[in-house]
Structures are given as C-alpha cells and as structure tokens.
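# Sequence and predicted structure are below.
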Amino acid sequence: MAITTIHAKDLHDKINSGENVFILDVRNPEEYSDWKIEGKKVESINVPYFDFLDENEETYKGLPKNTEIVTICAKGGSAKMVGEILDEKGYQVSVLDEGMLEWSQFYHPVTVMQDDKMKIIQVNRLAKGCLSYFIVSQGEAMVIDPGRHTEQYIQLANREKASIKHIMDTHLHADHISGGHEVADKTRADYYISRNEMKGSSLSYKALEDHQEFNFGSVHVKVLAVPTPGHTPGSVSFLVNDKFLLSGDTIFVGGLGRPDLGGKAREWAQSLYDTVFKKIANLSDDTLILPTHYADIKEISDQGVVGALLGEIRKSNEVMRTENREKFTEMVAGAAGVTPPNYQQIVDINRGVANISAEDATALEIGPNRCAVHHS
C-alpha cells in the first residue's frame with residue numbers, strides 16, 4: 001500500500017459528497033478538544049501521535065482496517081509519521097498535507113440564490129466558521145466581510161466575469177483579520193465600514209454613516225445599511241432587495257452576537273436589545289438571515305448554506321422573544337463564554353494601528369470562531 005497525500009479541498013469534497021469519512025487526529029487532546037474538523041458523516045477520533053511511538057496494540061483499537069483513515073495534525077509532519085506506521089500495519093491511509101494549517105485557510109463558495117438579475121454567493125471558511133459574501137449583478141460586484149486570503153474574491157470576480165465595486169465590513173472583526181483593505185487595493189474599489197469602528201485609525205475608508213444606500217449593476221440592486229449595534233457599537237447589517245439581511249455578527253442562525261468583547265457587556269447588551277426589538281422587529285419573517293459566523297455544522301443546510309428565515313430564528317431563539325429588557329440583558333451578557341484568543345491584537349490590526357507578517361497572521365487566526373452567543 002501507499003500513503004495518499006490529500007489537500008483541504010479534497011477532504012472537503014469527500015465530506016461534502018456525503019460519504020463516510022474517518023479522521024484520526026494526532027494532535028494533543030487540548031488542541032483537538034478546542035478545534036477539529038467536523039462533518040455530518042465524519043467520524044473523528046483523537047489519538048496523540050506519541051502514543052504510536054510505543055508498540056502498544058491498545059493504541060490501534062477503534063481504527064478500521066477496511067476504511068480509509070485520514071490522518072491530521074497541526075502542520076502535516078506528525079500525521080505523515082503516523083500514516084507511515086499505519087501503512088506498515090496494513091491500514092488504508094491518507095494524510096492531510098499541511099494539516100489544520102491548510103484547513104484553516106480553505107474557503108468554499110456556495111450560491112445562496114441566483115436569478116436573471118442577481119447572484120449571492122456565500123464564501124465559507126469552514127475552519128473558522130467565518131462567512132463572507134460576494135454579490136454580483138450585471139457584471140458588477142460587492143464583497144462583504146472578506147477574509148484576509150483575498151485571492152478567493154479575485155478568483156470569484158474572474159469566474160463571474162464581474163468587476164468588484166464595493167467592499168464592506170459589517171463591523172471591526174475580533175477573531176479574524178479582514179481582507180477589506182487588500183481587496184480594495186487590488187481592485188481599486190471603495191472600502192466601507194462604520195466610522196464608530198475606526199476611531200484612531202489612519203487607514204483609508206468610507207464611513208457607512210455617510211453612504212447608507214448602494215446601487216450597483218444595471219438593475220440597481222439596492223443595499224440598505226441598517227445600523228445594528230450590540231456586538232460592537234458600529235455593527236451594521238445590509239438589507240439586500242428587502243429580502244436578504246447580511247447580519248454580520250448581530251444575528252446568527254442559532255444565537256446573537258456577543259456584546260462583551262469591548263469590556264462593556266451590559267452596556268452593549270442594551271444596544272443589542274434595541275437592535276432586536278426596534279430595528280430587526282420591523283423586518284418580515286420571510287427575510288433570509290445570512291450571518292458572518294456560525295458555531296456548529298448543524299447550521300449548514302443540505303445545500304451547504306448557513307442561513308435561516310427570520311421567522312424561524314424568532315421561533316427557535318428564546319432571547320429573540322425576551323422583550324423584558326433586564327432579562328434580555330442578563331441572558332445575553334451572562335452567556336458570552338470564552339474570549340477569542342488574540343482578539344485585541346486582531347482588532348488593532350483591522351483598525352490599522354498594528355502591522356503583522358503573513359506568517360504571524362496565520363498563527364493569530366488559528367482556532368474556532370467565538371463571536372456568537374447561543375440561546376437556541
């Protein structure tokens with residue numbers, strides 16, 4: 001037998017095809033518990049690589065003989081070593097080439113909707129649970145919440161034969177580095193974000209407070225900026241054609257944006273209350289919510305899209321129905337959980353008050369998304 005080397009896209013294609021996938025993750029238990037590859041038909045177990053250095057047959061319990069085993073580690077080296085040991089013992093083995101490092105930089109585009117006037121593409125960075133959007137109409141495009149691997153959006157523009165005209169960030173991100181400025185530099189498009197988010201920044205941007213409606217494409221797709229503070233003071237959502245709310249980190253399929261990252265949990269929770277019961281309350285139940293993050297693969301539909309009708313979210317999310325302001329504040333402010341690692345440094349980078357190398361940026365972003373508060 002021979003070990004097969006696969007890449008993140010190959011692994012995702014296997015998972016996405018619906019076939020059963022068996023993953024052997026050989027990182028240490030703490031890393032595995034914090035962050036791992038999941039899928040609806042993925043069976044994943046964790047056996048640290050150093051366990052395979054001992055000739056102990058107990059180590060191999062639970063490993064299937066007649067099923068391909070995909071070995072995974074942080075950067076590929078340990079997984080390859082374990083793969084070679086398993087290969088010698090007759091197991092069928094594939095190795096994820098650069099491990100979780102490669103998986104963390106994999107993006108998967110899925111079409112949310114398409115008609116003769118407009119197409120909305122959701123770009124899923126699966127390892128981070130980060131979602132960005134590419135909206136195209138009549139050869140012109142808007143990018144919302146782009147990740148730092150900006151080639152993804154340039155490639156989409158080429159594929160769709162579209163020229164990127166607008167780049168938007170719904171808020172100042174705390175768990176990943178924005179690609180907004182870089183996409184703008186590469187395409188000579190305008191970059192927009194709330195002025196509230198960029199205090200102290202020397203970066204070039206256009207304030208969303210001054211540009212609340214956008215029309216692009218020959219059919220004039222309307223994008224209305226909706227101030228939705230709560231996760232951050234300057235959080236904004238985008239209502240596209242009165243049907244699709246690109247909600248940033250304000251509303252998720254299974255929860256709301258956490259208000260504590262600025263150290264003002266109760267104060268920002270009050271803003272989030274006003275957003276939910278004054279701004280969002282006016283939207284139809286038929287509005288499709290398309291968030292910028294998700295925290296559970298169960299939020300991905302069979303079509304590969306993360307999104308839900310606002311009416312469904314209202315029914316399933318208790319806090320969205322909690323109209324008592326004090327109770328709402330307690331529920332939201334008290335459920336924030338673990339703070340995203342390195343979030344202050346990432347915020348500083350996104351505001352332009354700190355710089356970082358590409359290698360260090362990769363290390364900063366390692367790990368799952370922690371920007372949602374779940375109440376479903």
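It's in.
# Tell me where the model's unsure across the chain.
Low-confidence segments of the chain, defined by pLDDT under 70: 1, 229-231, 260-263, 335-341, 368-376.
# Give me the residue at the spatial middle of it.
Nearest to the mean C-alpha position of the chain, by C-alpha atoms, centre = their mean, lies C130 at 0.6 Å.
# show me the contacts for that one.
N124, D145, G147, D175, H176, T292, H293, N369 (C-beta atoms under 8 Å, 6 or more residues apart in numbering). For the C-beta atoms, the positions are set from N, CA and C on the backbone; glycine is no exception.
# The first one falls within a helix, correct?
This means N124. No: using DSSP: H, G, I helix; E, B strand; the rest coil, the secondary structure at N124 is strand, not a helix.
# pretty sure it is touching V110, no?
Yes: using C-beta atoms under 8 Å, N124 is in contact with V110, at 6.5 Å.
# Overlap of the contact sets of these two?
G304.
# neighbours of the residue lying closest to L96 once chain neighbours are set aside, just the number please.
Closest residue in space to L96, ignoring its immediate chain neighbours: I72 at 4.8 Å, by C-beta to C-beta, 6 or more residues apart in numbering. When counting by other C-beta atoms under 10 Å, one arrives at 27 neighbours for I72.
# Just want the phi and psi numbers for I72.
Dihedral pair for I72: phi -140, psi 140, per degrees, to the nearest 10.
# Against A295, how distant is the residue nearest to the centre of the chain?
Remark: distance between C130 and A295 (C-beta to C-beta, to the nearest Å) = 11 Å.
# try G180
23 Å.
# Of the two, which one has the most company?
G180 (27 against 19).
# CA atoms only for stretch 345-365 - export them in CSV, please.
Extracted in CSV, the C-alpha atoms of stretch 345-365 (Å, rounded to 0.1, in the frame of the first residue of the first chain):
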residue,chain,number,x,y,z
GLN,A,345,-4.3,42.3,18.6
ILE,A,346,-6.6,41.3,15.7
VAL,A,347,-8.8,44.3,16.4
ASP,A,348,-5.7,46.6,16.3
ILE,A,349,-4.6,45.1,13.0
ASN,A,350,-8.1,45.6,11.5
ARG,A,351,-8.1,49.2,12.7
GLY,A,352,-4.7,49.7,11.2
VAL,A,353,-2.9,50.6,14.4
ALA,A,354,-0.7,47.4,14.2
ASN,A,355,1.0,45.5,11.4
ILE,A,356,1.9,41.9,11.1
SER,A,357,3.6,39.4,8.8
ALA,A,358,1.6,36.8,6.8
GLU,A,359,3.1,34.0,8.9
ASP,A,360,2.2,35.7,12.2
ALA,A,361,-1.3,36.4,10.9
THR,A,362,-1.8,32.7,10.2
ALA,A,363,-0.8,31.9,13.8
LEU,A,364,-3.1,34.6,15.2
GLU,A,365,-6.1,33.3,13.5
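# got a list of contacts for it?
With contact meaning C-beta under 8 Å, 6+ apart, stretch 345-365 is reached by 101, 104-105, 128, 148, 169, 172-178, 181, 197-203, 340, 342.
# 6 Å instead, please
With C-beta atoms under 6 Å, 6 or more residues apart in numbering as the test, stretch 345-365 has contacts from L172, H173, A174, H176, I177, S178, S201, S202, L203, N342.
# now swap in stretch 233-246 and tell me
133, 144, 170-171, 194, 196-197, 208, 223-229, 247-248, 250, 287-290.
# what does stretch 294-309 give?
Residues contacting stretch 294-309 (C-beta under 6 Å, 6+ apart): E38, V110, V112, Q122, G129, L131, V253, G254, L288, I289, L290, A372.
# Just the buried residues of it, please?
Y294, A295, D296, E299, I300, V305, V306, G307, A308 (16 or more other C-beta atoms under 10 Å).
# Quick check: end-to-end length of that stretch?
With C-alpha to C-alpha, to the nearest Å as the measure, stretch 294-309 spans 15 Å from end to end.
# give me the beta-bridge partners of V223?
According to DSSP bridges, the residues that bridge with V223 are F214, V240.
# Quick one: residues contacting it.
Shown in contact with V223 (C-beta under 6 Å, 6+ apart): F214, F238, V240.
# Please, which helix or strand holds the second one?
Spelled out, that is F238. Using DSSP states H and E, F238 maps to strand 236-240.
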